[in-house]
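With the input below, show me the fold.
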Amino acid sequence: MLISCNKLKSHIKNPEDIDWLNIWETFTIRTAEVEKVEVKGNTFDNVVVAEIKECEEHPDSDHMHVLKVDCGEKELIQVVCGAPNVRVGLKTAFVKVGGHIDGVEIKARPLRGILSNGMCCSGRELGISDNHDGIMELPSDWVVGTDIKKYLPVEDIIVEIDNKSLTNRPDLWGHYGIAREICAITNHDLLSLDILEIANDKEDLDIVIKDNNLCYRYTGLKIENIKNNKTPLDMQIFLYYAGMRSISLLVDLTNYLMLELGQPMHAFDARVVKNIEVGLANDKDTYTTLDGVTRTLTNEMLMIKNGDKYFGIAGVMGGLDSEILSDTTSVFLESACFNAGSIRRCALNLGLRTEASARYEKSLDPNMTDLAIKRLAYLLKEQNPDMVITSNLTDIYPNPLKEEKIILDKKTLSIYMGRTLEDETVRNILDKLGFKVEIEENYYDVCVPTFRATKDIKIKEDLIEEIARIYGLENFEPKPLKLDLTITEHETIYNEEYEVKRLLATKFDMHEVHSYVWYDTDLLKELNIEKKNVKLLGKDTNNILRDDLSLSLMNIVKENFKNYSGFKIFEIGTIIENNMNKRVLSIILTDVEKNLEKGYIEAKKIVKYLFKMLKNKEVTLSDNINEKAYYDDKLGKIIKLDDTRIGTLNVLNRSCTNKLSKRKYVITIDIDFDKYINISKEEILAKEVSKYPEVELDYTIIVEDKKYADLKEILDKFISNLIRNYKLVEVYENKYLIRYTLGSNSKTLEQKELQTFKERFIKHVKESGLNILE
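Residues are numbered from 1 along each chain as shown. As a prediction, the model looks like this:
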């Protein structure tokens with residue numbers, strides 16, 4: 001979520017006392033994690049208000065114009081501009097020669113043979129809008145030559161807060177809630193919101209809630225005589241900095257209110273509104289939303305209905321037939337509170353996560369709906385002083401949420417805090433956070449505001465947490481524990497798991513990853529893979545629990561292919577197989593397609609090394625007729641230990657790999673980690689190291705229509721007391737380079753002995769039906 005410090009300042013008394021660039025480190029400690037702090041408006045300078053005085057077509061262009069602009073200097077300045085909306089009398093943003101845009105200096109230069117002394121700017125060029133259809137159109141009463149920063153709040157600090165850390169804080173999904181937290185942290189006062197009080201001297205709107213368990217509150221208001229539908233520039237900039245785009249005044253106001261209070265709102269064109277009913281959809285009905293997509297509904301989706309027609313998907317998105325148009329002069333404002341679980345299921349089922357649904361999913365305060373409408377009415381009246389409210393503020397609220405009280409014992413607070421706090425300190429902290437506190441002799445009587453009561457503050461420990469975090473955990477005095485401490489025995493399984501991870505990371509340069517226990521169903525569909533395993537209830541997408549760990553990592557593979565041609569990753573994770581949990585070590589090797597053979601050999605080495613190094617066991621790899629169609633049916637291997645299957649080695653088939661990235665390969669290794677952990681390690685027998693030098697001899701063996709396993713079987717049959725070990729060094733086409741290490745514990749080997757070894761070895765290879773390069 002993006003937060004504007006300019007907006008926060010408007011809600012705080014004396015905001016100039018706060019260090020807005022550095023407060024966010026403390027905010028992370030006290031409240032929620034801040035991911036990024038970005039300074040806006042410092043990428044341009046020398047941009048002023050200018051008025052176009054003359055406008056002529058460029059003689060050598062079909063779209064450019066030659067302008068004379070007044071930017072407050074003695075003479076008019078000539079500039080060439082290609083925007084379609086240039087006209088005499090228009091005031092716009094103008095960069096003088098010597099000014100900068102995005103770090104680039106603006107210089108006088110000819111455009112199609114005519115000298116241009118500066119630049120007229122669009123909002124996108126200044127970084128304050130995504131609009132690049134034309135140059136900015138500024139109010140006619142702005143004084144030419146004035147720095148644009150004096151009129152527009154372009155200088156701002158934008159803070160990105162991690163959404164996950166706000167999951168249990170619905171009150172922080174708007175700037176006003178963040179401002180409240182800042183006030184508590186810095187001991188400032190929160191300003192009240194300007195609202196429009198609405199007299200209930202008219203008729204109520206026709207609104208019906210069919211299910212009180214799905215719609216807790218629905219508040220509506222009808223306003224007419226709306227003439228000005230242009231959003232002020234400062235509001236457009238705020239919306240853009242907060243990650244939204246400007247559409248029209250009425251739509252922008254609802255988005256502005258949502259970003260300010262965290263309360264989603266919707267504006268319907270009142271000309272088509274008859275009577276509003278909130279109820280469930282009919283199964284398999286279709287409905288076209290504002291984005292132009294026709295969606296299939298279920299009988300569990302809550303809908304806003306206008307008469308007998310659907311009007312919007314409650315808490316998610318409005319309908320195409322109810323959108324605000326350019327000629328809309330009357331509006332029906334909706335501010336409601338819906339069941340969080342219902343909205344989440346609906347959004348997931350439709351694959352339609354919106355800013356509104358993200359907030360409703362957090363369990364919003366139903367007592368916010370009327371405040372939001374009054375606030376929007378106030379802001380709308382600022383732009384349309386002649387607007388007329390033509391209905392009562394109609395409020396359907398069957399079961400009002402009341403403030404809850406919690407008794408907090410002072411002794412309990414002191415025990416948790418490790419110190420005794422002054423009553424006024426406790427009162428001030430809770431007051432700043434919106435709680436009401438009555439101080440008694442031995443306890444505090446705390447009234448919890450409804451914006452914290454929906455899912456956050458329930459018990460006294462919750463209050464203690466609030467006091468402790470604002471007081472500052474770093475202010476707690478460290479004290480040694482007075483306990484009898486005994487040495488804890490470490491679980492062997494965790495030590496072994498760590499050793500496996502360490503070996504893969506250090507020996508084979510792999511990266512550990514962590515993934516969810518369910519498949520990415522969109523990716524499965526893209527790969528044309530159908531999985532029928534245990535499903536998660538309450539989720540309509542990504543709801544199939546994985547039974548193949550390597551396959552579930554393919555979304556990570558796909559993402560990394562965007563930046564790397566080859567990489568190696570691993571995870572020790574859980575799969576669900578035959579309704580039972582099973583831990584698996586999954587290793588994935590990737591690279592460009594031409595290196596497949598090299599990667600395949602490396603994969604085998606990794607498997608053998610894992611068992612030899614950590615278990616002192618030898619495993620075999622035998623051919624596998626793959627039952628999983630997404631793996632290559634010719635390259636699969638079964639990993640066996642003493643005839644017991646303990647894992648597989650596979651290559652993702654070409655069809656699937658190409659959908660992840662073209663001309664790559666993906667090798668997967670899956671080892672049953674539960675079985676691996678339970679393998680006892682063979683005792684390693686040490687031999688005396690020879691004090692005599694060893695000799696290495698290399699032989700290139702030509703292997704036709706045979707695999708390395710066949711070659712190894714032949715090599716193992718060759719016996720010599722000089723052999724210390726041998727290994728495969730390199731493979732090129734059908735040629736295998738084998739390196740033998742020879743030695744003796746009693747003497748230095750002589751040339752005659754080496755020659756005899758060589759002759760015997762060559763004879764053995766040839767008698768086995770193979771060729772060797774001599």
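
Please work out the average pLDDT along stretch 238-252.
Averaged over stretch 238-252, pLDDT sits at 94.

First-to-last residue distance for it?
10 Å (C-alpha to C-alpha, to the nearest Å).

where in the stretch 351-500 of the chain is pLDDT low?
483-485, 487-491 (pLDDT under 70).

I'd like to know how far residue 461 sits from residue 587.
44 Å (C-beta to C-beta, to the nearest Å). Using the backbone N, CA and C atoms, a C-beta is placed for each residue, glycine as well.

Looking at these two, which is more packed in?
residue 587 (25 against 13; other C-beta atoms under 10 Å).

now the helices for the stretch 601-750 of the chain?
654-660, 673-677, 708-716 (DSSP state H, counting those that start in this stretch).

Excluding covalently adjacent residues, which one is nearest to residue 601?
Nearest in space to residue 601, with sequence neighbours left out and distances taken as C-beta to C-beta, 6 or more residues apart in numbering, is residue 731 at 6.3 Å.

Now do residue 463 against residue 443, distance only.
From residue 463 to residue 443 the distance is 11 Å (C-beta to C-beta).

Report the secondary structure state of the residue of the chain most remote from its centre.
Distance from the C-alpha centroid of the chain peaks at residue 752, with 69.2 Å (C-alpha atoms, centre = their mean). The three-state assignment at residue 752 reads helix, by DSSP: H, G, I helix; E, B strand; the rest coil.

same check, this time on the one 10 residues further on
Following three-state DSSP, residue 762 is assigned to helix.

just the one 4 residues further on next, same as before
Three-state assignment for residue 766 (three-state DSSP): helix.

Just list the residues touching it, thanks.
residue 772 (C-beta atoms under 8 Å, 6 or more residues apart in numbering).

I'd like the distance from it to residue 715, if you could.
Separation of residue 766 from residue 715 (C-beta to C-beta) stands at 13 Å.

cool, residue 601 as well?
Distance from residue 601 to residue 715, by C-beta to C-beta: 16 Å.

between the two, which one's more packed in?
residue 715 (22 against 14).

Could you give the bridge partners of the closest residue to the more buried one other than its chain neighbours?
In space, and not counting its chain neighbours, residue 715 is closest to residue 726: 6.4 Å by C-beta to C-beta, 6+ apart. Residue 726 has these beta-bridge partners by DSSP bridges: residue 740.

ok, residue 726 - how many residues close by?
Counted with other C-beta under 10 Å, the neighbours of residue 726 add up to 18.

I'd assumed residue 736 was in contact with it.
No - proximity of residue 726 to residue 736 does not meet the contact threshold set by C-beta atoms under 8 Å, at 11.2 Å.

Could you pull up the residues touching the residue nearest to residue 715?
715, 738, 739, 740, 741.

Look up how far residue 726 lies from the fourth one.
Distance, residue 740 to residue 726, using C-beta to C-beta: 5 Å.

now the third one
With distances taken as C-beta to C-beta, residue 739 is found 6 Å from residue 726.

ditto for residue 589
For residue 589, the distance to residue 726 - C-beta to C-beta - is 25 Å.

Repeat that for residue 299.
70 Å.

now swap in residue 220 and tell me
Taken as C-beta to C-beta, the span from residue 220 to residue 726 is 84 Å.

and if you look at residue 755?
From residue 755 to residue 726 the distance is 18 Å (C-beta to C-beta).

now residue 348
Residue 348 is 58 Å from residue 726, by C-beta to C-beta.

And residue 243, by the same measure?
62 Å.

Let me see the contact set for residue 663.
Residue 663 sits in contact with 592, 593, where contact means C-beta under 8 Å, 6+ apart.

Now do the domain split for this structure, please.
2-41+156-186, 44-150, 207-396, 404-474, 493-677, 695-773 (automatic domain parsing).

Excluding chain neighbours, what is closest to residue 710?
Per C-beta to C-beta, 6+ apart, closest to residue 710 is residue 703, 7.6 Å.

try residue 14
Using C-beta to C-beta, 6+ apart, the closest residue to residue 14 is residue 188 (6.4 Å).

do residue 463 as well
Looking at residue 463 with C-beta to C-beta, 6+ apart, the closest residue is residue 408, at 5.2 Å.

quick one, what contacts the one you found?
443, 444, 446, 460, 463, 464.

count of neighbours near the first one?
Translated: residue 443. 17.

Contact partners for it?
Residue 443 neighbours (C-beta under 8 Å, 6+ apart): 407, 408, 409, 410.

shaky segments in the chain?
Scanning the chain for pLDDT under 70 picks out 483-485, 487-491, 538.

Apply 50 and report the result again.
Regions of the chain meeting the criterion pLDDT under 50 are absent.

residues making contact with stretch 605-625?
496, 499-500, 503-504, 507-508, 587, 589, 604, 633, 636-641, 646-650, 669, 671, 676, 679-684, 709.

I misspoke; the intended subject was stretch 448-457.
Contacts of stretch 448-457 (C-beta under 8 Å, 6+ apart): 168-171, 177, 340, 362-368, 401-406, 433-436, 462-463, 466.

repeat that with 7 Å
Contact with stretch 448-457 is made by 168-171, 363-365, 367-368, 401, 403-404, 406, 434-435, 462-463, as judged by C-beta atoms under 7 Å, 6 or more residues apart in numbering.

Mind exporting the C-alpha coordinates of that stretch to CSV?
Output in CSV follows, covering the C-alpha atoms of stretch 448-457 (Å, rounded to 0.1, in the frame of the first residue of the first chain):
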residue,chain,number,x,y,z
VAL,A,448,-12.3,-0.3,22.5
PRO,A,449,-13.2,1.7,19.4
THR,A,450,-15.2,-0.3,16.9
PHE,A,451,-12.5,0.3,14.2
ARG,A,452,-10.2,-1.9,16.4
ALA,A,453,-12.9,-4.4,17.6
THR,A,454,-13.8,-6.2,14.4
LYS,A,455,-10.9,-8.6,14.5
ASP,A,456,-8.0,-7.1,16.4
ILE,A,457,-8.6,-6.1,20.1
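
one step back: please name whichever of the helices of the stretch 601-750 of the chain is nearest to residue 43.
Nearest of the helices of the stretch 601-750 of the chain to residue 43, taken as C-beta to C-beta: helix 654-660 at 37.4 Å.

Now do that closest one: distance to the chain's middle.
25 Å (C-alpha atoms, centre = their mean, to the nearest Å).

just stretch 565-585 next, same as before
Centre-to-centre, stretch 565-585 and its host chain are 23 Å apart (C-alpha atoms, centre = their mean).

how about that stretch: buried residues?
567-573, 575-577, 582-585 (16 or more other C-beta atoms under 10 Å).

And the strands in the stretch 551-700 of the chain, which stretches?
Listed in chain order, the strands of the stretch 551-700 of the chain (DSSP state E, counting those that start in this stretch) span residues 567-577, 580-592, 620-623, 637-641, 644-651, 664-672, 695-702.

Alright, calling it a day.
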